[in-house]
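Chemist: give me coordinates for this.
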Amino acid sequence: MKLSFASLALVALLGTAGIQSASAQKAKTVMVGGAPMYPTKNIIENAVNSKDHTTLVAAVKAAGLVETLQGPGPFTVFAPTNEAFAALPAGTVDNLVKPENKETLTKILTYHVVAGKMTSADLAKAIKAGNGSATLKTVSGGTLTAMMKGKNIELKDEKGGISTVTIADVIQSNGVIHVVNKVLMP
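Modeler: Model (predicted):
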């Protein structure tokens, strides 16, 4: 009987550990655009579920970057929302997704990607080490300047535009997404 009780206690203990582990995994899941962004899925697998990123997903498809962003990475993606794209001059997005503008669209989209995984803590550390700013080399070959404004991370593009990270540290299996409120322009 004692062995049976000990076995039950062990099973209960292991079961509790499993529940805690599942809770810890769930705690890392972030909601973006009304959908959970699972850390076990890649950038594309998560982004397609965000209602706030339908324009970005359509642009990524038009540029032929789906396979790249499903790759092993790691990538840091600064993901503009639909509102960010809507703030561009009228007709800009419709024009960019035309096949004849694929090169320009690709340059703009890859300007939002940095090779490697940089969490908000990594960005803040780089900003501090740079005495208030950090230069990030984008996949397109351009640069972004990361800065702190209060507790928020801001990014300045090469044209002087400023975008704020509104949701940080959306961990993916192949990197991290930071949601931004403006489209960054090379």
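
Chemist: show the model's pLDDT score for residue 28.
Modeler: On pLDDT, residue 28 comes in at 81.

Chemist: next up, the contacts around it.
Modeler: 39, 171 (Cβ atoms under 8 Å, 6 or more residues apart in numbering). C-betas here are computed from N, CA, C, even on glycine.

Chemist: so how far is residue 123 from it?
Modeler: Residue 28 sits 18 Å away from residue 123, taking Cβ to Cβ, to the nearest Å as the criterion.

Chemist: before we move on, what about residue 52?
Modeler: Taken as Cβ to Cβ, the span from residue 52 to residue 123 is 21 Å.

Chemist: those two: who's more crowded?
Modeler: Neighbour count, other Cβ atoms under 10 Å: between residue 52 and residue 123, residue 123 has more, with 24 against 20.

Chemist: pull the contacting residues for the more buried one.
Modeler: Neighbours of residue 123 in contact, by Cβ under 8 Å, 6+ apart: 134, 146, 153.

Chemist: most neighbours of all the residues you listed, which one?
Modeler: For the contacts of residue 123, neighbours tallied by other Cβ under 10 Å; top is residue 146, 25 neighbours.

Chemist: quick check, that residue in a strand?
Modeler: Yes - using DSSP: H, G, I helix; E, B strand; the rest coil, the assignment for residue 146 is a strand.

Chemist: for it, list each beta-bridge partner.
Modeler: residue 134, residue 155 (DSSP bridges).

Chemist: quick one: classify the closest residue to residue 179 other than its chain neighbours as helix, strand or coil.
Modeler: Spatial nearest neighbour of residue 179, excluding adjacent residues (Cβ to Cβ, 6 or more residues apart in numbering): residue 167 at 3.9 Å. Judged by three-state DSSP, the three-state class of residue 167 is strand.

Chemist: wait, isn't residue 167 in contact with residue 181?
Modeler: No - at 9.8 Å, residue 167 and residue 181 do not qualify as touching, with contact defined as Cβ atoms under 8 Å.
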